[in-house]
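>>> Curious how this folds, go ahead:
(one chain, ligands or ions: 1)
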Amino acid sequence: MSIDSSNIIKPFVEKKGGLMPALHALQHHLGFISKDNIAELAIAFNCSQAEVIDVITFYDDFRLVPIGKNIIKICQAEACQSQNCKQLLSDLTSYFSLEMGETSDDLNVTLKEVFCLGNCAVGPSVMINDTVIGEATTEKIISHLKNDATQKL
Ligand code: FES
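Next up is the predicted model:
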């Protein structure tokens, strides 16, 4: 059953400052904010589409394109740099044939660069969805993705 975006937006339209929670709700349910959503929000909140886009692009959390089922965040901060995170990043972009910030065509993986995951003592550190992996290697990451997929079957 598809989700009707107007039903997602409706509870926030009459609220002061309702655009932000409406955006969060849309992204939560649909995974990203589409062009159609932007047009719909502009009408619902009586503002221009440019104003809606300004809000979306101001906050790093909002996405204008679909994101992968597995978001792989690779730490590039100082402590991980001393543990060769640049090489890991390079290995992962090669393995998945993606650039940083890109999502695979099958929507399975998105690669993101981050700066500190609070796991500095055992870098290089990577976070896959909610799981932090220390002393990360490409092999460890692939193994985690395969195990996670198997557990969901
Ligand atoms: S510097 Fe990488 S986890 Fe802190």
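>>> helices or strands next to the helix ranked longest in the chain in the packing?
Ranked by residue count under DSSP state H, the longest helix found in the chain is helix 138-151. Applying 3 or more CB pairs under 8 Å, 6 or more residues apart in numbering; DSSP states H and E, one finds that helix 138-151 contacts strand 70-75, helix 85-96, strand 126-128, strand 131-133. The way it works is simple: take the backbone N, C-alpha and C, and place the C-beta from them, glycine included.
>>> So for the first one, what gets flagged as buried?
In this case it means strand 70-75. Across strand 70-75, burial judged by 16 or more other CB atoms under 10 Å covers 70, 72-75.
>>> now, which of those residues sits nearest the ligand?
Nearest to the ligand among the buried residues of strand 70-75 is C75, at 3.3 Å by CB to the nearest ligand atom.
>>> wait, the closest one sits on N119?
Yes. Counting by CB atoms under 8 Å, C75 does reach N119; the two are 7.5 Å apart.
>>> what comes up buried for stretch 115-125?
Buried residues in stretch 115-125 (16+ other CB under 10 Å): 117, 119-120, 123-125.
>>> swap in stretch 141-153?
141, 144-145.
>>> Among the residues you listed, which one sits closest to the ligand?
Distances from the ligand to the buried residues of stretch 141-153, taken as CB to the nearest ligand atom, are shortest for I141 (14.9 Å).
>>> ok, and the closest non-adjacent residue to the closest one?
Leaving aside its chain neighbours, I141 sits nearest to V126 (6.1 Å; criterion: CB to CB, 6 or more residues apart in numbering).
>>> What is the distance between the helix or strand bottoming out on mean pLDDT in the chain and the centre of its chain?
Ranked by mean pLDDT, DSSP states H and E, the helix or strand of the chain with the weakest confidence is helix 138-151, at a mean of 89. Here the centre of helix 138-151 is set off from its chain's centre by 19 Å, with CA atoms, centre = their mean, to the nearest Å.
>>> got the angle between that helix and strand 70-75?
Calculated by axes from the mean of the first three to the mean of the last three CA atoms, to 10 degrees, helix 138-151 forms an angle of 150 degrees with strand 70-75.
>>> heads up, I number from 658, so please use that
Yes, from this point I'll number from 658; that puts the last item at helix 795-808.
>>> just the angle between helix 795-808 and helix 742-753, please?
For helix 795-808 and helix 742-753, the angle between their directions (the same axes, to 10 degrees) works out to 50 degrees.
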